[in-house]
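# no FASTA, just this:
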């Protein structure tokens, strides 16, 4: 996994297009009973506004059963929940899956190790989407 220093963002390469990676993520969510709350098509919306950008889609997802106890323990984490996964293509055509690391969220919001485990599955979900 590639991580940007000090900003808490993990970016891993995908072997697929943005759309294929998104479909794989959606399948992984469904298999785990995780709800996809919203899919934001940044590049599609840019195109509607007459602008161009490489493909980029943001998935907003989670499980109230997992996230609610975390938010009860540290209400400010609601700024970062539900979880988000950005699937994007760089200027070289490489596709990436980016998300906030749970260690970053733990530190940022003062969440206990026990509670942060509720949302720690994002690493496996991102890896599944990218594989």
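Everything's here; your move. The structure displayed is predicted, hence computed values, not measured ones.
# how many neighbours does residue 16 have?
16 (other CB atoms under 10 Å). For the C-beta atoms, the positions are set from N, CA and C on the backbone; glycine is no exception.
# oh, I was asking about residue 37
The number of residues packed near residue 37 is 13, by other CB under 10 Å.
# Got the phi and psi for it?
Dihedral angles of residue 37 (phi, psi; degrees, to the nearest 10) stand at phi -80, psi -40.
# Excluding chain neighbours, give the residue nearest to it in space.
Leaving aside its sequence neighbours, residue 37 sits nearest to residue 60 (CB to CB, 6 or more residues apart in numbering; 4.8 Å).
# Work out the sheet partners of the helix or strand containing residue 96 and label each with its direction, please.
Using DSSP states H and E, residue 96 sits in strand 95-100. Strand pairing for strand 95-100, using DSSP bridges, gives strand 9-13 (antiparallel), strand 83-89 (antiparallel).
# Can you name the residues that contact the residue at minimal distance from the centre of the chain?
What sits nearest the mean C-alpha location of the chain, by CA atoms, centre = their mean, is residue 85, with 1.7 Å. Counting by CB atoms under 8 Å, 6 or more residues apart in numbering, residue 85 makes contact with 25, 58-59, 61, 97-99, 122, 125-126, 129.
# From residue 11, how far off is it?
11 Å (CB to CB, to the nearest Å).
# Is the residue nearest to the centre of the chain bridged to anything, and to what?
Beta-bridge partners, per DSSP bridges, of residue 85: residue 59.
# Helices of this structure, residue ranges please.
For the chain, the helices defined by DSSP state H cover 18-32, 42-48, 64-73, 102-109, 113-116, 122-130.
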